[in-house]
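> prediction below, plus the sequence it came from.
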Amino acid sequence: MFFKNFKVWETELAGRKLTLETGKMAGLANASILARYGETEVLCNVTASKKPREGVDFFPLSVDYEEKLYSVGKIPGSFQRREARPSEKAILTSRCIDRPIRPLFPKDLRNDCSVVATVMSVDPDCSPEITAMIGVSAAIAISDIPWDGPISGVNVGLVDGEIVINPTLEQREKSDLVLTVASTADLVAMIEAGGNEIDDDTMFNAIMAGHEENKKIVQFINGIVEEVGKPKFEYESSNPDPEIMAEIEEFCIEDVKKALDTDDKNVRDERLLPIYDAVHEKFDERFEENPEKLDEIMYLVQKHVVRAWLKDEHKRVDGRGIDEIRPLNAEIDLLSRVHGSGLFTRGQTQVLSIATLGGIRDAQSLDGLDEQTEKRYIHHYNFPSYSVGETKPSRGPGRREIGHGALAEKALLPVIPSVEEFPYTIRVVSEVLSSNGSTSQGSICGSTLALMAAGVPIKAPVAGISCGLITGDEGVYGDFMTMVDIQGLEDFYGDMDFKVAGTKKGITAIQMDLKVHGLTPEIIKEAFAKTHKAREYILDEIMLPVISEPRAELSKYAPKMKVISIDPDKIGDVIGKSGKVIQQIQADFDVKIEIEEDGKVFVSGQDADKCDSAVEVVRLIATDPEVGAFYNGVVTRLMNFGAFVEIAPGKEGLVHISRLDVKRTNKVEDVVNVGDSIIVKCIGITDEGKIDLSRRDALIELEGMTPENEIDDAPPKKKGNRPHRPRKD
């Protein structure tokens, strides 16, 4: 056989076949796995550099989830017809894979490591994201790269109140929960969730159900490792020499404790500067080849102080109680001409959110692998360098900003009204003005304020809060402690950032970042209990006193939106030849008109009366004239026998000269001229669709005028060939 190392393993996941293959493709990578789940196929490759990267104090891991549109039979819509920068969905999936695998690499590893998952075929019922996560896990596990895996991941849905593992496309459309759970053999390693106000117990049960399914796949991958796994390579540790570490810690630890003991980040940073200078002055000679190593040691000293305070003394850097939230403040209407704004401040973290309302056509188009083609609620998150006192140029949003924006979007989406209830596209931008931890949760609170101030009828206000974790020497199986509302240092030096957002009724979003291998059920339950209580406090005591419900009126600067449904067969009449009719309506009334395939027509503009007038014109065009109905028409042409009147764009009828007035009319020009606006009544429609109108009847019935002449209402004689008469010879 040509591929002598080719191996295939099969198992079942949620009732569908899962296959992992190796030995046929990408033979120069450290390891390669082709993961097949149903008809979804993802090629997962991992590589690592031979030597550590110099001058870095972190593990240089990159994870790329690559969406190929050929996998769903599409050609990219870009000018060059090829995939360009990754979509937002691809970036979020990369982060979702990164979070559970990163903590399992050695903390002192500095070799570059690259993970690439290329989606090659997509079965809508079998998630390519989950297939990629499992394939990546298997590839790293069988490679020679040091790693304490494997992991597995599944999606969990809630369909008709029942928990479903890896729901199909049809089930996902009905599911109240979109949950991704990644696990090691024993611990929950990652949680990413969005839900329709899911109660804590249901969410916990769904997580545990996903965890149990993951255990089976981890066991399956371990069997593959036993068969074809490579020995892990030796690497150069980046850990400092223990003796030098102890010497530096003894030299500066008391000064570090004094510097860190403040609730002001600026004061803390100022106090640390002279300590860094003193350490460099005393020890630089011993680190001539790698002076930045001293900064790594200083990081470890600060980490030791903060963790010891929390774990041993239950003392927080800023003096708060373990479950005490930093001082909070909420405001609205800070900006004059925007549609809605809200400022949320938590300690030194401050986020300003701005809501903007637009037409339906402003919805974002999506060119991805799944069934969603657009979204009408959009949340963007910006994290400028000044928010942390740094001086870096803005280069657009990075993966972190995209991830935090998506989390806030996920948290608020369940309370956003449907397009039928509120026919607008909604965009919220969260500007982080100051950052000392939990800015993503601050953006959720600020955005709720902005939406209610803008008059968006959200179903319930949403708040977000984070929960941290400190473990001891025995890790999550030993003594641990959790704390609410972690600030920057507690996030930086702690083991967990468990973000939970929701209403008073239930959870709408979760995102969990870990530095340990995973969490036990007890830690997850405790995090749920603490964040639930904190959310209720933020809503009741801080946010709702500022604005208790969405405003009844939109901002005067927001577009006014009117909606009408028409017969889809009449859409062409409203648009007109080459778009002339719809363009004319938009110009006449200074509005924007958007028409969907199902016949819904959205009319938006700054003036509500003009919107109403435009809607009436659209209604007239889309409705066949009715005999007996009255119309306000415009005279378009004059003939000897009468006047043609346009009762709606593209719809014209004839007012016979005998029906122009209540008295006898000798000349059409004696009564009307081209351009006159007149009220007419429809008195008949011929089989050919010609419309007979009467101004006379309208004057009599609407204005009570008395006719001065009678009209023969008998139908006119039809013109035809005269009878044949015999020719006289």
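Looks like it came in fine.

> what about the longest strand in this structure?
Determined from DSSP state E, the single longest strand within the chain is strand 40-52.

> list the neighbouring strands of that one plus their orientation.
Here strand 40-52 is paired, per DSSP bridges, with strand 31-37 (antiparallel), strand 111-121 (antiparallel).

> any idea which helix or strand comes after that strand?
Counting by DSSP states H and E, the element after strand 40-52 in chain order, helix or strand, is strand 61-67.

> could you list every helix and strand in contact with the helix or strand just after that next one?
With elements assigned by DSSP H and E, the helix or strand that comes after strand 61-67 is helix 88-101. Judged by 3 or more Cβ pairs under 8 Å, 6 or more residues apart in numbering; DSSP states H and E, the packing partners of helix 88-101 are strand 61-67, strand 111-121, helix 128-142, strand 177-183, strand 188-198, helix 399-412, strand 507-514. From N, CA and C alone the C-beta is placed, and that goes for glycine too.

> what about 6 Å?
Applying 3 or more Cβ pairs under 6 Å, 6 or more residues apart in numbering; DSSP states H and E, one finds that helix 88-101 contacts strand 61-67, helix 128-142, strand 188-198, helix 399-412.

> that helix: how far from the chain's middle?
Centre-to-centre, helix 88-101 and its host chain are 14 Å apart (Cα atoms, centre = their mean, to the nearest Å).

> before we move on, what about stretch 664-672?
That offset, for stretch 664-672, works out to 64 Å (Cα atoms, centre = their mean).

> can you list contacts of it?
With contacts defined as Cβ atoms under 6 Å, 6 or more residues apart in numbering, stretch 664-672 is touched by 635, 638, 643, 657, 660-661, 709.

> quick one: residue 89 and residue 368 touch, right?
Yes. Here residue 89 reaches residue 368: they are 5.1 Å apart, a contact under Cβ atoms under 6 Å.

> mind pulling up the pLDDT for residue 373?
On the pLDDT scale, residue 373 is placed at 77.

> identify the residues contacting the nearest residue to it once chain neighbours are set aside.
If the residues on either side of it in the chain are set aside, residue 373 comes closest to residue 366, at 5.6 Å by Cβ to Cβ, 6 or more residues apart in numbering. Shown in contact with residue 366 (Cβ under 6 Å, 6+ apart): 372-374.

> strands of the stretch 501-650 of the chain, start to end?
Secondary structure of the stretch 501-650 of the chain, counting by DSSP state E, counting those that start in this stretch: strands at 507-514, 560-565, 592-595, 600-605, 630-639, 642-648.

> my guess is residue 368 contacts residue 88, does it?
No. Proximity of residue 368 to residue 88 does not meet the contact threshold set by Cβ under 6 Å, at 8.5 Å.

> what do the two both touch?
The contact sets of residue 368 and residue 88 do not overlap (Cβ under 6 Å, 6+ apart).

> neighbour-wise, which of these two wins?
Taking neighbours as other Cβ atoms under 10 Å, residue 368 and residue 88 compare with residue 88 leading, 18 against 15.

> give me the pLDDT for the nearest residue to the more buried one once chain neighbours are set aside.
On the basis of Cβ to Cβ, 6+ apart, the spatially nearest residue to residue 88 that is not a chain neighbour turns out to be residue 402, at 5.8 Å. Note for residue 402: predicted pLDDT of 95.

> count the neighbours of residue 402 for me.
Residue 402: 18 neighbours (other Cβ under 10 Å).

> likewise residue 139?
30.

> with mean pLDDT and mean neighbour count added, can I get the strands paired with strand 40-52 in JSON lines?
JSON lines is the format used below for the strands paired with strand 40-52 (pLDDT from 0 to 100; neighbours: other Cβ atoms under 10 Å):
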{"stretch": "strand 31-37", "mean pLDDT": "98", "mean neighbour count": "24"}
{"stretch": "strand 111-121", "mean pLDDT": "98", "mean neighbour count": "21"}
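
> those into JSON lines, with extra columns for distance to residue 474?
JSON lines is the format used below for these (distance: least, Cβ to Cβ, whole Å):
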{"stretch": "strand 31-37", "distance to residue 474": "32"}
{"stretch": "strand 111-121", "distance to residue 474": "28"}
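
> any idea which of those strands gets closest to residue 332?
strand 111-121 (42.8 Å; Cβ to Cβ).

> between that closest one and helix 128-142, how big is the angle?
Interaxial angle, strand 111-121 versus helix 128-142 (axes from the mean of the first three to the mean of the last three Cα atoms, to 10 degrees): 140 degrees.

> gap between the residue nearest to residue 373 and residue 412?
Per Cβ to Cβ, to the nearest Å, residue 366 is found 18 Å from residue 412.

> and residue 225, by the same measure?
42 Å.

> between the two, which has more neighbouring residues?
Neighbours were tallied for residue 225 and for residue 412 using other Cβ under 10 Å; the higher tally belongs to residue 412 (26 against 15).

> contacts only, for that one.
Here residue 412 is in contact with residue 462 (criterion: Cβ under 6 Å, 6+ apart).

> same thing but 8 Å
By Cβ atoms under 8 Å, 6 or more residues apart in numbering, the contact list for residue 412 reads 377, 379, 428, 444, 447-448, 451, 458, 462, 508.

> most widely separated two among those residues?
428 and 508 (14.7 Å).

> identify the bridge partners of residue 426.
With DSSP bridges as the rule, residue 426 is bridged to residue 357, residue 377.

> which residues does it contact?
Contact analysis of residue 426 by Cβ under 8 Å, 6+ apart lists 355-358, 376-378, 416, 451, 456.

> let's see it at 7 Å
Residues in contact with residue 426, defined by Cβ atoms under 7 Å, 6 or more residues apart in numbering, are 355, 357, 376-377, 416, 456.
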